[in-house]
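J.: Next one to model:
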Amino acid sequence: MLEKVFKLKQNNTNVKTELIAGVTTFVTMAYILAVNPTILSEAGMDANAVFVATALAAFVATTLMSLVSNLPFALAPGLGLNAYIAYEVCGTMGIPWQVAIFCVFVEAIIFLILTLTKVTGFLFNAIPKDLVKGLTVGIGLFIAFIGFQKGKVVVASEDTLVKIVDFNGSFHTDGISALLCLIGIIVIGILYVRKVKGSILIGVGVSWVLGMIAQVTGLYQVGGEYTSVIPTQFIFNDFETFTESFGACFKIDYSSLNIVDIVSIVFSLLFVDLFNVMGSLLGCTANTSMVDKNGNVRGMQRALVADAVGNAFGSVCGTSTLTIYVESSAGINEGARTGLSTCVTGFLFLVSLIIGPIFIAIPGFAVAPALIFVGFLMAMNVVDINFKNPAESIPAYLCFICMPILYSISDGIGVGIVSYVVINMIAGNAKKIKPLMYILAIVFVMKFALF
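T.: This next block holds a predicted model:
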């Protein structure tokens, strides 16, 4: 039956290889079960509800990807997009989380329509590739900055806006948190260099275990925002908060919505989601049998449909935008070639619901190393930007540098697009600018000028 459904022989693989690869992919991306509730809880969402939504949405979306496309890609709420919802949409803009998740649902439906009408390919080709790489780098820098803040390594300063933490003045709170965060980063870095599978999850675990030891010995003191890092239960049974948040994105006062804000949020989510998904598909399948002689990924459109439907389901559950994880490449490197490995990964996300309290109890200073290191992985794309062509690289640079400085993914995108159009139009390169770029530039200029 497995052979009939997943065509294992046709794809030069077997059940054992796919099973091992599926477990490998789960181990490398399981950190999102700890990170997502921590981030979205700062948007006013309940951490328990977000955990259930994360695990359930990842299970459904990943299984859907397996059955619809027969490709070894796992999905879960994307880092960067969850930070955008928590810190910019709900934080800076002050929009209720229910409305923000409604925007995620709208974006998913638009993504599905664009995919079914094959417009996604047109959009993907209309945006300059260096600008896309700059976008990825910028999101990496943005979430790394958030990681340094959550880990208390970076704190507020009246003179310089931010500065390194005073280890002596607040050692038992900020200081020890920062130290444990830095240890986690070093552990992840060492394991990554040694090519150890699940290095991010292990690094988070090391920081957390050391945090528990620090609390027991009195080095880490509980009080105020510094809660206990030792879990009090191990089996998850709190589904009540999830049932309350399920479908909350539809229980909003539509008359109070600011259409300009909604359009801006939906476009930013769509823009980032599109290039995250397309970039992951192309990057993870490079030099494999999943790519044909023309460089096209087999079943790409079906994969995009699965992503969109899974994304819509995730928003109904109450979590931010789901995306294809580049960590899927860990399973692909282990030999995954079909959706069987993805089925295994999805099933493990479902099983993780049982031990939910363990993930929920992981403190911010232990989650921070994951954010910082994933930021590094995304920032590596900077080497692919063609800096020898300033007409392409200057807008890409402005895009990625503005995201952390302006503390806004959408503003960074806008700066990159507007600067690309203006620079190339005035420099005599107007012919190479696609019509879509002019439209987007006008939209962002209006956003900056009027709202």
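J.: OK, contacts around residue 201?
T.: Shown in contact with residue 201 (CB atoms under 8 Å, 6 or more residues apart in numbering): 27-28, 30-31, 370. (C-beta placed from N, C-alpha, C; glycine too.)
J.: So which bits of the helix or strand hosting it are buried?
T.: Element membership of residue 201, judged by DSSP states H and E, is helix 199-217. With burial defined by 16 or more other CB atoms under 10 Å, the residues of helix 199-217 counted as buried are 199-208, 210-212, 214-215.
J.: pretty sure residue 66 is touching residue 331, no?
T.: No. Applying CB atoms under 8 Å as the test, residue 66 and residue 331 come out as separate, 11.8 Å apart.
J.: Now for those two: what residues contact both?
T.: By CB under 8 Å, 6+ apart, no residue touches both residue 66 and residue 331.
J.: Of those two, give the one with the bigger neighbour count.
T.: Neighbours per residue, other CB atoms under 10 Å: of residue 66 and residue 331, the larger number sits with residue 331, 32 against 27.
J.: Now that one: which helix or strand?
T.: Using DSSP H and E, residue 331 falls in helix 328-333.
J.: and that helix, what does it pack onto?
T.: Packing partners of helix 328-333 (3 or more CB pairs under 8 Å, 6 or more residues apart in numbering; DSSP states H and E): helix 15-29, helix 259-285.
J.: now the ones you listed as TSV including mean neighbour count, mean pLDDT and distance to residue 234?
T.: Formatted as TSV, the helices and strands packed on helix 328-333 follow (neighbours: other CB atoms under 10 Å; pLDDT from 0 to 100; distance: least, CB to CB, whole Å):
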stretch	mean neighbour count	mean pLDDT	distance to residue 234
helix 15-29	22	86	19
helix 259-285	20	81	33
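J.: Could you export these as CSV, including distance to residue 427?
T.: Formatted as CSV, those follow (distance: least, CB to CB, whole Å):
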stretch, distance to residue 427
helix 15-29, 42
helix 259-285, 24
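J.: Nearest to residue 97 among those helices would be which one?
T.: Nearest of those to residue 97, taken as CB to CB: helix 259-285 at 12.1 Å.
J.: Report all helices and strands that the helix or strand that that closest one is followed by contacts.
T.: Counting by DSSP H and E, the element after helix 259-285 in chain order, helix or strand, is helix 300-317. For helix 300-317, the elements it packs on are helix 47-69, strand 75-77, helix 97-116, helix 259-285, strand 322-324, judged by 3+ CB pairs under 8 Å, 6+ apart.
J.: distance between helix 300-317 and the chain's centre?
T.: Distance of helix 300-317 from the chain centroid (CA atoms, centre = their mean, to the nearest Å) equals 15 Å.
J.: Let me know the angle separating that helix from helix 259-285.
T.: 130 degrees (axes from the mean of the first three to the mean of the last three CA atoms, to 10 degrees).
J.: CA atoms of the helix or strand hosting residue 135 as PDB?
T.: Remark: residue 135 resides in helix 129-150, with elements defined by DSSP H and E. Extracted as PDB, the C-alpha positions of helix 129-150 are listed here (Å, rounded to 0.1, in the frame of the first residue of the first chain):
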ATOM      1  CA  LYS A 129      16.000  38.100  -7.100                       C
ATOM      2  CA  ASP A 130      18.500  40.200  -5.200                       C
ATOM      3  CA  LEU A 131      15.700  42.000  -3.500                       C
ATOM      4  CA  VAL A 132      14.200  38.600  -2.500                       C
ATOM      5  CA  LYS A 133      17.500  37.600  -1.000                       C
ATOM      6  CA  GLY A 134      17.700  40.900   0.800                       C
ATOM      7  CA  LEU A 135      14.200  40.200   2.200                       C
ATOM      8  CA  THR A 136      15.400  36.900   3.600                       C
ATOM      9  CA  VAL A 137      18.500  38.400   5.100                       C
ATOM     10  CA  GLY A 138      16.400  41.200   6.700                       C
ATOM     11  CA  ILE A 139      14.000  38.800   8.300                       C
ATOM     12  CA  GLY A 140      17.000  36.900   9.700                       C
ATOM     13  CA  LEU A 141      18.400  40.000  11.200                       C
ATOM     14  CA  PHE A 142      15.000  41.000  12.600                       C
ATOM     15  CA  ILE A 143      14.400  37.700  14.400                       C
ATOM     16  CA  ALA A 144      18.000  37.600  15.600                       C
ATOM     17  CA  PHE A 145      17.600  41.100  17.200                       C
ATOM     18  CA  ILE A 146      14.400  39.800  18.800                       C
ATOM     19  CA  GLY A 147      16.300  36.800  20.100                       C
ATOM     20  CA  PHE A 148      19.000  39.000  21.700                       C
ATOM     21  CA  GLN A 149      16.200  41.000  23.400                       C
ATOM     22  CA  LYS A 150      14.400  37.900  24.600                       C
END
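J.: helix or strand right after it?
T.: Heading C-terminal from helix 129-150 (DSSP H and E), you reach strand 154-157.
J.: Strand partners (parallel or antiparallel) of that next one?
T.: Strand pairing for strand 154-157, using DSSP bridges, gives strand 161-164 (antiparallel).
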